[in-house]
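1. Okay, structure incoming, though there's no sequence with it:
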């Protein structure tokens, strides 16, 4: 703990000093690892590969316990009396997951005197107060790349669900109805439409590649231009000015992390400047958009369709407005926790734990907070 | 009428005689054209491009009437007392559409003494008794290519909806629930899965092109092999034996027309040989499947998911089993009647009417029945 306290002020002074030898490595001895995941209940036994749950705990229990470590797994994460709170004071490593996120606040970080390492089983670590983590000298890492394909595929599905007006058709079927006109009056081909991605990082690029054969007009906005070869391959055009790009779009897909800069970026004013009837897909983070502004625009029809798997907060409360607004195609947070993705992020989490025990570095792209410095996308 | 009767026996004797000069061209004078489309009611005025409905009648009324022709449009097509039946005895041209199909039976053809030309506004003319049409010396044509992209896009949407277990997630949202595990236990990436298309005609090929960036194992079965260049481009592998292919597939997409040969081809036996949990997409024709066999397999879980926009008959009755079986993602028949597709098939229909009035040939690929012969895919 002394090391950590000294480290805090030292790190504040340092920018990205290579001399600072604050490796995240365990001192020898048993560690207490806590994992917060979603509960599977009756679904736990239906699939041997369903590792991302409380019941299976990423499949690493035996591996951890055979090395003498303690592993506590829970889904109970909210409020001062929850299971997670009971273990904060002595845990060394906390594993969280965006699909059932444990909100690691500055307050919780303060209480977690033994905490050294925060691992995200998945991608996106905004549920952690990253600034507080940096100031406390913690390391935060995620399994970068583990579910990027999963999310990109899911985004394309949602684009099609909205542009084809699928859900009204499905509703007709289960209600015993048949009214082709009630769907077709606003069903369109994706071909030829203008699709803009806000953010062209890993997921944005994979989406553009999957969109290519649909022959759309593809636009992208990002801090940096993508590789010219990829631009060529996908036909996507760089848009330096976000607000110049947005009104051109028939379809907008959000592909940025949630940071200080991006929180609430799609607010009432920005929404009002979008094309009437615009379709929006958001599998990024719920808090990127203003909840009520989206609900209002869907109700008025200014947003013709909104689909995503992310909300704020998560789990979404029973009365979250997005459940009941018209023109929505929402689901709980699932796009990055397919069975295939779970296997990858479980493996990646295990790999980082292994390196932590051995005092080795993680794959560099996995670091979100290291030695007091936030990864570039979060600054 | 004499010409038509004489033609019947002559045609029966002939195979594919190029000498037989029975063009479908009108004798000069006013023609009676009847169109059967779906009704839009309150949706008619919501979109100026919504031309495929009764109210807009493909947007050709003024054009027809200004040339002195009579144009009758209705959605009332079922039973001996319907509006369509009243006009059968004297109509020259009947325009039908698969989205609200007028079943042109041998009986109706017999009654239609003036009938010369059957035009399908869209693609797929199986709602017409093609043999009877051929024997009666009629020409049957459709707007080949008019909505092939539309249908292919929609198929990819449904593949993703099933493989991602989207609908249970949506149901949770609108029911106030949140249970990630209840969806994730059987949600998968599309990447790496084996997808087989039964039929690789226009739509099948467009689907394969759109599937390419998803990095699946793509298989296709057809009477003919694809162009080697396209095989290379898509990475799709030819499977000569349908039943061998089906057993390999995680996902099966039906892309054949409904013909004598394909009717009921997916029966109880064939379904039982497919992988347990197979996902099936059928935007081709409902009658290619055995309705009850599909319902039973969805109920047992042998079919993990079934999605399509085609039924038999259409409109689907209130009690059609596919509405209420589990593991379904059905809609009414919409994939080929997007606004974009409607504009194309309306234009194509108008173009063929124009050629008909002038005694000119149609684009060759549009003919389904010509001079007593069925197009190859229907033989």
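-> Nice, thanks for sending it over. If you're wondering where the values come from, they're calculated on a predicted model, not measured in any experiment.

2. Report the contact partners of the closest residue to residue A:154 other than its chain neighbours.
-> What sits nearest to residue A:154 in space, not counting adjacent residues and going by CB to CB, 6 or more residues apart in numbering or on different chains, is residue A:335, at 3.6 Å. In this view, the C-beta of every residue, glycine as well, is placed from N, C-alpha and C. Contacts of residue A:335 were listed using CB atoms under 8 Å, 6 or more residues apart in numbering or on different chains, and they are A:147, A:150-151, A:154-155, A:283, A:309, B:164.

3. Please tabulate these in CSV, including the columns pLDDT, neighbour count and distance to residue B:53.
-> Output for these, formatted as CSV (pLDDT from 0 to 100; neighbours: other CB atoms under 10 Å in any protein chain shown; distance: CB to CB, whole Å):
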residue, pLDDT, neighbour count, distance to residue B:53
A:147, 96, 28, 43
A:150, 98, 31, 39
A:151, 98, 26, 38
A:154, 98, 30, 33
A:155, 98, 29, 32
A:283, 98, 25, 35
A:309, 98, 29, 35
B:164, 98, 28, 32
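
4. Nearest to residue A:276 among those?
-> Within the contacts of residue A:335, the smallest distance to residue A:276 is 22.5 Å, found for residue A:155 (CB to CB).

5. you'd agree the closest one is in a helix?
-> Yes - per DSSP: H, G, I helix; E, B strand; the rest coil, residue A:155 lies within a helix segment.

6. So it versus chain B, what's the distance?
-> Distance of residue A:155 to chain B, given as CB to the nearest CB, to the nearest Å: 10 Å.

7. Residue A:106 now?
-> 26 Å.

8. shouldn't that residue be in contact with residue A:134?
-> No - look at residue A:106 against residue A:134 with CB atoms under 8 Å: they stay out of range, at 11.0 Å.

9. So these two - more neighbours on which side?
-> residue A:134 (22 against 13; other CB atoms under 10 Å in any protein chain shown).

10. Give me the buried positions along the helix or strand hosting the more buried one.
-> Using DSSP states H and E, residue A:134 falls within helix A:130-135. By 16 or more other CB atoms under 10 Å in any protein chain shown, the buried positions in helix A:130-135 come out as A:130, A:132-135.

11. Backbone dihedrals for the residue nearest to residue A:154, both of them.
-> Per-residue torsions, residue A:335: phi -60, psi -30 (degrees, to the nearest 10).

12. Excluding sequence neighbours, find me the nearest residue to the residue of the stretch 51-200 of chain A found nearest chain B.
-> Minimum separation of the stretch 51-200 of chain A from chain B (CB to the nearest CB) falls at residue A:169, amounting to 3.0 Å. Nearest residue to residue A:169, sequence neighbours excluded (CB to CB, 6+ apart): residue B:331, at 3.0 Å.

13. The one you found and residue B:186, how far apart?
-> Per CB to CB, to the nearest Å, residue B:331 is found 22 Å from residue B:186.

14. Among those two, which residue is more densely surrounded?
-> The residue with more neighbours, out of residue B:331 and residue B:186, is residue B:331; 28 against 19, by other CB under 10 Å.
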